[in-house]
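> Compute the structure for the input listed below.
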Amino acid sequence: MNTVRRAAAAALAAVAVLGTGAAGQASAAPSPTPSTGKLPAGLYGTKDPTYDGVWRQSLSFLAQRATGYQPADQAVEWLLGQQCDDGAFPSYRADAAKACDAKTMRDTNATAAAVQALAAVRRQSAAPEKADQAVKAGTDWLKSVQNKDGGWGYSAGGASDANSTSVVVGALAATGVRPGEFTSAEGRSPYDALLAFALPCTDKEGPGAFAYQPDKAGKLFANADATAAATLAGLGKSMVATKASPDQAPACTDLSKPTPERAALNGASYLAKTLAKTHHLVQPPMPGATDTTEQPDFGNTADAVVALSAAGASKQALPALEWLEKNSASWAKESGPAAYAQLILAARATETDPRKFGSVDLVEQLNAAGPAPKSPDTSASSTTSDDEDSGFDVWWIIGIGTVVGVGIGFLVSGRKK
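Next comes the predicted model:
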C-alpha cells in the first residue's frame, strides 16, 4: 500500500510542477524538510516525509495502540499540527505554522489515516478535546469531497479508486460512523463505489478480485493491493482488523445483487489463491523501467494477511505471515515506521507475537523510530475508554509477552500510495 501511495503522490506532484494539474493544485512539490534541514520533532522516521509523513505517523500510532502503547504527546501534537483549517490533511507540510491555502495538496488517504489514528489515541492524549475536534473536522472534510458515485480519489475531486475509498471506509468505521449511511448528495455510499470495482468470479484473470480503477475503456483488471484494501472495507473493518471466526477457506460466489460482504469474501478468495503460489505478492515493474523483474511486495503482502484473517481465512494467511517473518527484516529496516506498523498489524491479525517476529522485535523497532511512547497501560479504565469512545480495539502485550485480545463488534469486526 505504501508503494502505491508514494507513486500516486509523486505523480500528483509532478503534474503540479509541470503546471498541468487541476486549478488549485500546487505549483511545485512540497519541501521535504523545514528550512533548517532537519526533520521536525515528533515525526516518526528519518526519511523524506514529503509523500508519506502523515501516513507513516498515523500507522505508527495505530500499531502502538495495538500493542498497548500510547504515542508521546509530542508525536500527537505533530500530527494535529499537520491538519488544515478545513479539516483536511496533506501528505506532509514542512511549515505547519503557515496556513494551508489553495496550493496545498489535500490527501484523502492521509486524512482518513489521521482520523483513524487520532480516534485511537485521543483519550490518552494530553489534549483529548483538541483531538476530538480534529477527528470531526477530518470526517466532515471527507464528507465534503465525496464523489457522486460514493467513493473517493487520492486527491479531492479525483476519480474514485478502490484504495482511497477503502481507507476512508476504515476511518468511518473506526469513528463509529456506518459507512453505508455516509452517502453523497446523489444517495450513493462508499459501498456503491467499491462494488463497481469488483470483478465477477467468472473473470479468467482475477476471479473475485477488485480493480484499482477501470482503465480508459472501462475495463477492470485485478489488483491485489486494491483487493486487500477493499476486502477489509467490504467487511466494514479498518486497518486494525482482528481474526474472524469460524476459520474457513473463502469461496468465490456471484450473486445477482452482490452485497459488500459477499464481494469482500470473493476478494479474500482471490487473495488466498494468489498467495498460495509463492506466499507473497509481487510488485510489477514501474512503467518505463529497464529492469522488468517482479519484486516481492512486502507491504501489500502484510495487508493481504490482515484482510484474509479478517475474512475468516487465517489458515490461508499463515504461510504468507511465515514468509514475512523470514524475509521482511531488511525491507522493514530500510522502509521505516510504516513498514514496522504494517507487520505488527499483520502479526496481530493472526494472533502472532510481534515481539518475536522471526529475528525481530517489531514493537521495539517501531518505538525507536520516534519519540519514546508511554508505557503499556493495562488498566480496565484505559481499555474501556478506547473501546467505547473511539471504536478501537486494543491488543495488549504485557511483561513476558502474554497477548490479550480486546475486540469490539462492527468497527473492528477494520494506505497506498
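> Quick check, pLDDT for residue 205.
pLDDT for residue 205: 93.
> so where do the helices sit in the stretch 1-150 of the chain?
2-18, 53-66, 73-81, 108-121, 128-144 (DSSP state H, counting those that start in this stretch).
> which outside residues touch the last one?
If I follow you right, that is helix 128-144. Contact with helix 128-144 is made by 76, 80, 83, 86-89, 106, 108, 111-112, 114-115, 118-119, 121-122, 125, 152, 168, 171-172, 175, 177, 182, as judged by C-beta atoms under 8 Å, 6 or more residues apart in numbering. Quick note: C-beta positions are derived from backbone N, CA and C, even for glycine.
> Return the distance of that helix from the chain's centre.
In terms of C-alpha atoms, centre = their mean, to the nearest Å, the centre of helix 128-144 is found 18 Å from the chain centre.
> what element comes up after it heading to the C-terminus?
Counting by DSSP states H and E, the element after helix 128-144 in chain order, helix or strand, is helix 162-174.
> on contacts alone, who are the packing partners of that next one?
Secondary-structure packing of helix 162-174 (3 or more C-beta pairs under 8 Å, 6 or more residues apart in numbering; DSSP states H and E): helix 108-121, helix 128-144, helix 190-195, helix 224-234, helix 409-412.
> Residue 261 is nearest to which of those helices?
For these, the distance to residue 261 is smallest for helix 224-234, at 6.0 Å, taking C-beta to C-beta.
> Same list (the helices and strands packed on helix 162-174) but as JSON lines, adding mean neighbour count.
Shown next, in JSON lines, are the helices and strands packed on helix 162-174 (neighbours: other C-beta atoms under 10 Å):
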{"stretch": "helix 108-121", "mean neighbour count": "30"}
{"stretch": "helix 128-144", "mean neighbour count": "18"}
{"stretch": "helix 190-195", "mean neighbour count": "25"}
{"stretch": "helix 224-234", "mean neighbour count": "31"}
{"stretch": "helix 409-412", "mean neighbour count": "18"}
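> May I see the ones you listed arranged in CSV, with distance to residue 363 and mean pLDDT as well?
Converted to CSV, the helices and strands packed on helix 162-174 look like this (distance: least, C-beta to C-beta, whole Å; pLDDT from 0 to 100):
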stretch, distance to residue 363, mean pLDDT
helix 108-121, 16, 97
helix 128-144, 23, 97
helix 190-195, 32, 98
helix 224-234, 22, 97
helix 409-412, 20, 31
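> Please identify which of these is closest to residue 279.
helix 224-234 (13.1 Å).
> and whichever helix or strand comes after the closest one, what's its mean pLDDT?
Using DSSP H and E, the helix or strand that follows helix 224-234 in sequence is helix 260-278. For helix 260-278, the mean per-residue pLDDT is 97.
> centre of the chain versus helix 260-278, how much separation?
18 Å.
> which other helices and strands contact it?
Here helix 260-278 touches helix 190-195, helix 224-234, helix 298-310, helix 314-327, going by 3+ C-beta pairs under 8 Å, 6+ apart.
> Let's have those in TSV, adding distance to residue 142.
What follows is the helices and strands packed on helix 260-278, written out as TSV (distance: least, C-beta to C-beta, whole Å):
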stretch	distance to residue 142
helix 190-195	10
helix 224-234	14
helix 298-310	21
helix 314-327	30
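> Of all those helices, which one is nearest residue 52?
helix 298-310 (11.4 Å).
> quick check: angle from the closest one to helix 224-234?
30 degrees (axes from the mean of the first three to the mean of the last three C-alpha atoms, to 10 degrees).
> Output helix 298-310 in PDB, but only the C-alpha positions, please.
Extracted as PDB, the C-alpha positions of helix 298-310 are listed here (Å, rounded to 0.1, in the frame of the first residue of the first chain):
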ATOM      1  CA  PHE A 298       6.200  -6.900   1.400                       C
ATOM      2  CA  GLY A 299       3.800  -4.200   2.400                       C
ATOM      3  CA  ASN A 300       0.900  -5.400   0.300                       C
ATOM      4  CA  THR A 301       1.600  -9.000   1.500                       C
ATOM      5  CA  ALA A 302       1.200  -7.800   5.100                       C
ATOM      6  CA  ASP A 303      -2.100  -6.000   4.100                       C
ATOM      7  CA  ALA A 304      -3.300  -9.200   2.500                       C
ATOM      8  CA  VAL A 305      -2.600 -11.200   5.600                       C
ATOM      9  CA  VAL A 306      -4.800  -8.800   7.600                       C
ATOM     10  CA  ALA A 307      -7.600  -8.900   5.000                       C
ATOM     11  CA  LEU A 308      -7.600 -12.700   5.000                       C
ATOM     12  CA  SER A 309      -7.600 -13.000   8.700                       C
ATOM     13  CA  ALA A 310     -10.400 -10.500   9.000                       C
END
